[in-house]
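1. sequence and computational prediction follow.
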Amino acid sequence: MHLKSYAKLSARLKIRIAYLVEPNDQNAAFWMSLYQELFPASEKPAWVRVVTAVGDLENYISDLCVPNHIHYSMAAAVSALGCRDIILEKPSVTNMDELAGLSRLKANIFLQENYIHSDVVKSVEKIMHLYNIRVNNMRFVFSKDRTRDSAEGRGFTGHEAPHNFMVELPHSIALAYYFLGQGNCTYAATKNMILCDRILPKHGEGTIIFSHKGVLSSHYSNLQQESRERFITVSGEDIRGVKFKIQGEFAKISDDLIGKVDLYREGQLLHSERMLDDSLTNSLYSILDADSPCNFSFLYASTKHIFEAIQYEEYQEASEKFENQLGRS
């Protein structure tokens, strides 16, 4: 997916993919075939199996398309080899220690977060400003069918499935921070994923609620849902008390990449629009554009919210267990 976006950007930015670091021969062959299809007039990048084979990393941006649980170790490795600019996807790290370690690296860390750069989000923002809507609450739903990937162990650390909050909800938490700023977790809960005779703890469903100075953001993800669903709902009112609702539906993974935004006033549909929503390409453009600032502070704050939600759920479970033990004594 990143390669397709780089192909779209090649006409807007003078970029060159110099190296592919890939230890797996089959994966490398597939990638090179796709590269030749997307960049027919360009020379193929050099293929190496280990990053240490790249002798001049200080001259390149490293886009780390690797599993989440090795984000930090790979970022630390390329930084130690002299790389000054590193692109990471969300969730950028898997715990607070890694997040702290990331902040100490001598490199610019860029967060590749699609949805902040979505044209759906731009449309929602425009409507909020146009009608002077004061937000009461925001609801985010990021669900998909991950059962096949989970059955095959994709993204696992050993035999452990990723926590539900670490799969889809990092996107919605980043969006909530973008719109509403700092939040405090007031609710967090998960459900297990059940696959035939296997139980994957805290992997199936997840719900989080944050309070942002009184404005609530709720986040829900179901990783066993057959239909893919990614949307944002903004509820609020103007200075006269007229109620508004904005429903933004992000583009699904397909070639058309069409998003949709609906505006309701007092329950009646007032406006509806569809737009191209190529958020991945927009996100990478914002990073590769020479005038784009490093967004590490955003990465740090929004990622910290993920771990606060996980800790909140753990605290609630420990409290309930303690109360149950007291009740039996």
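-> That came through, no problem.

2. please point out which parts of stretch 134-154 sit buried.
-> Neighbour-count burial for stretch 134-154, with 16 or more other Cβ atoms under 10 Å as criterion, is recorded at V135, N137, M138, R139, F140, V141, F142, S143, K144, R146, T147, S150. C-beta coordinates here come from the backbone N, C-alpha and C atoms, glycine included.

3. my reading is that the fifth one lies in a helix. Confirm?
-> Which is F140. No. The assignment for F140 is strand, going by DSSP: H, G, I helix; E, B strand; the rest coil, so no helix is present there.

4. that one contacts F210, doesn't it?
-> No. If you go by Cβ atoms under 8 Å, F140 and F210 don't touch, sitting 10.3 Å apart.

5. any common contacting residues for the two?
-> Where contact means Cβ atoms under 8 Å, 6 or more residues apart in numbering, the residues bridging F140 and F210 through contact with each are A176, S217, H219.

6. residues in contact with the last one?
-> For H219, the contact set (Cβ under 8 Å, 6+ apart) comprises F140, F142, L169, S172, I173, A176, G206, T207, I208, I209, F210.

7. if you set the cut-off to 6 Å instead, what comes out?
-> F140, L169, S172, I208 (Cβ atoms under 6 Å, 6 or more residues apart in numbering).

8. quick one: the strands in this protein, in order.
-> Under the criterion DSSP state E, strands of the chain are mapped to 19-21, 46-48, 61-63, 85-89, 108-112, 134-145, 184-195, 198-212, 215-222, 224-237, 243-249, 258-265, 268-276.

9. next, the angle strand 215-222 makes with the longest helix along the chain.
-> In the chain, with assignment by DSSP state H, the single longest helix is helix 296-328. Put simply, helix 296-328 runs at 80 degrees to strand 215-222, going by axes from the mean of the first three to the mean of the last three Cα atoms, to 10 degrees.

10. helices and strands around helix 296-328, which ones?
-> Counting contacts by 3 or more Cβ pairs under 6 Å, 6 or more residues apart in numbering; DSSP states H and E, helix 296-328 is packed against helix 169-180, strand 184-195.

11. let me know which of the ones you listed is tucked in deepest.
-> Of all the helices and strands packed on helix 296-328, helix 169-180 carries the top mean neighbour count, a mean of 23, counting by mean count of other Cβ atoms under 10 Å.

12. just give me the neighbour total for L99.
-> Per other Cβ atoms under 10 Å, the neighbour tally for L99 reads 19.

13. that one and K90 touch, don't they?
-> No. Here L99 lies out of contact with K90, judged by Cβ atoms under 6 Å, at a distance of 12.0 Å.

14. reformat the contacts of H219 as TSV; add distance to L195 and pLDDT.
-> Supplementary listing: the contacts of H219 in TSV, determined by distance: Cβ to Cβ, whole Å; pLDDT from 0 to 100:
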residue	distance to L195	pLDDT
F140	26	99
L169	20	98
S172	24	98
I208	23	99
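
15. what's the closest of those residues to D262?
-> Ranked by distance to D262 (Cβ to Cβ), the contacts of H219 are led by F140 at 15.9 Å.

16. any idea how far the nearest residue to that closest one once chain neighbours are set aside is from V141?
-> Spatial nearest neighbour of F140, chain neighbours left out: S172 (3.5 Å); criterion: Cβ to Cβ, 6 or more residues apart in numbering. In this structure, S172 lies at 8 Å from V141, with Cβ to Cβ, to the nearest Å as the measure.

17. ditto for N132
-> Taking Cβ to Cβ as the criterion, N132 is separated from V141 by 26 Å.
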